[in-house]
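>>> A structural model of the following input is requested.
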Amino acid sequence: MRLAVVGLGQFNTREHAPSILRYIDEVAPIEIVLCEPDPGRLHAWQQRFGTHPAYASVDAMLVAERLDAALVTVPPEVTCGVVETLLRAGVPALTEKPPGLTADETRRLIRAAGELPHAVAFNRRFIAVLRRAREIVRDAGAEVRFIGCEFHRTGRYDPDFTTTLIHGIDALRSLGGDFAELAVRKPLVAGDPPFRNWLITGTFRSGALWTITSLPVSGRWVERYTLVMRDVTVVAQLSQFGQGSPGDVRVFRDGKVESTEDDASLGVAEGPECVRFGVYDEVKQFLDAVRLGPSPAAVPGCPDGGRGDPGTSFREALQSVEVAEFLRNCPDTAHWTARETD
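Residues are numbered from 1 along each chain as shown. Okay, the predicted model is just below:
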């Protein structure tokens, strides 16, 4: 397999590059081709991870190389154009979120992908404690009535925080299904620079309630998901990025803690950050799907003819993008209702 690694910024060097090297060590050999317009970033990446063929543009790379897949980690404002170029050249792609800044951009990618394997890197879907929370809810066999997301960061004065908040949006959808509607309040907090806090409430199509409280400027990095059934509550606390604090999932029944599992008991505590945060598993799933190709026996009844699942598709990601786009552009107080069809 010949893999293009497009965009060599901080998140790639911290999460995706270690994931690719781990895959090479543990699963199968891969030939790497690099694409990065910034010579300084390219040099730093190669000094750390090794020298490989490199290009300053996707167009130049596509002329010179035969590629089997691409992993794209470029700024959100150019992601759609880069990924669309690769897809139209027949190159399967795994791209960082969001796949498009707008729903229209994401629909462009749906059309460009056709039947090609592709995926969006929503790593929360692969984090061990959230996977375990889904299993606990499934095994309980009870209807989820409410899911809450606490999404706090420190010093995040980003003019557009929705490109990060989309992780919480998509994680809620992975736990509870598609949204039916939402209401948002995003008051401006004065200061230099100013920022916005977010209170978002809504309902899933199932009728269950959900909330997101997002505080981009706070004293602590927190990402926690609370799932409430009739008599059982499940709380999944994600490991704190870069701070070594383990994640855990706790089950409460009748006001008492019934069970607790953490990164250690789930087998990921000793792994590198890319393993604890699910990035390695999402990279592995995509690369396996491209490398192994159709496998009807492994995926019986798969509607695409049996190809292994590469991950979250553009179509599956579309509502997350629609909601993030709405939140980015809406007034300080607003309401959104889901489309009946996309």
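>>> Spatially nearest residue to Ala142, not counting backbone neighbours?
Met229 (4.1 Å; C-beta to C-beta, 6 or more residues apart in numbering). For the C-beta atoms, the positions are set from N, CA and C on the backbone; glycine is no exception.
>>> Kindly provide the distance from that neighbour to Ala56.
53 Å (C-beta to C-beta, to the nearest Å).
>>> Tell me which of the two has more neighbours.
Met229 (18 against 14; other C-beta atoms under 10 Å).
>>> contacting residues for that one?
137, 140, 142-145 (C-beta atoms under 8 Å, 6 or more residues apart in numbering).
>>> now these in JSON lines, with distance to Gln46, secondary structure and pLDDT?
Below are the contacts of Met229 laid out as JSON lines (distance: C-beta to C-beta, whole Å; DSSP: H, G, I helix; E, B strand; the rest coil; pLDDT from 0 to 100):
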{"residue": "Val137", "distance to Gln46": "44", "secondary structure": "helix", "pLDDT": "94"}
{"residue": "Ala140", "distance to Gln46": "49", "secondary structure": "helix", "pLDDT": "90"}
{"residue": "Ala142", "distance to Gln46": "52", "secondary structure": "coil", "pLDDT": "87"}
{"residue": "Glu143", "distance to Gln46": "52", "secondary structure": "coil", "pLDDT": "93"}
{"residue": "Val144", "distance to Gln46": "47", "secondary structure": "coil", "pLDDT": "97"}
{"residue": "Arg145", "distance to Gln46": "52", "secondary structure": "coil", "pLDDT": "97"}
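>>> Report the two of those residues separated the most.
Ala140 and Arg145 (12.2 Å; C-beta to C-beta).
>>> Same drill for these two, tell me which one is more crowded.
A side-by-side neighbour count of Ala140 and Arg145, using other C-beta under 10 Å, places Ala140 first with 17 against 13.
>>> for the residue nearest the centre of the chain, what are its contacts?
The residue lying closest to the centre of the chain (C-alpha atoms, centre = their mean) is Phe122, at 1.2 Å. Taking C-beta under 8 Å, 6+ apart, we find Phe122 in contact with 97, 167, 170-171, 174, 282, 312, 317, 320.
>>> Could you pull out the strands in the stretch 1-150 of the chain for me?
Counting by DSSP state E, counting those that start in this stretch, the segments of the stretch 1-150 of the chain that form strands are 2-6, 31-35, 54-55, 69-72, 93-96, 118-121, 146-152.
>>> Please name whichever of the ones you listed is nearest to Glu325.
strand 118-121 (14.8 Å).
>>> now for the closest one, which elements pack on it?
For strand 118-121, the packing partners by 3 or more C-beta pairs under 8 Å, 6 or more residues apart in numbering; DSSP states H and E come out as strand 93-96, helix 279-292, helix 314-329.
>>> export the contacts of Met229 to a markdown table and tack on distance to Tyr157?
Formatted as a markdown table, those follow (distance: C-beta to C-beta, whole Å):
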| residue | distance to Tyr157 |
| --- | --- |
| Val137 | 36 |
| Ala140 | 40 |
| Ala142 | 41 |
| Glu143 | 40 |
| Val144 | 34 |
| Arg145 | 36 |
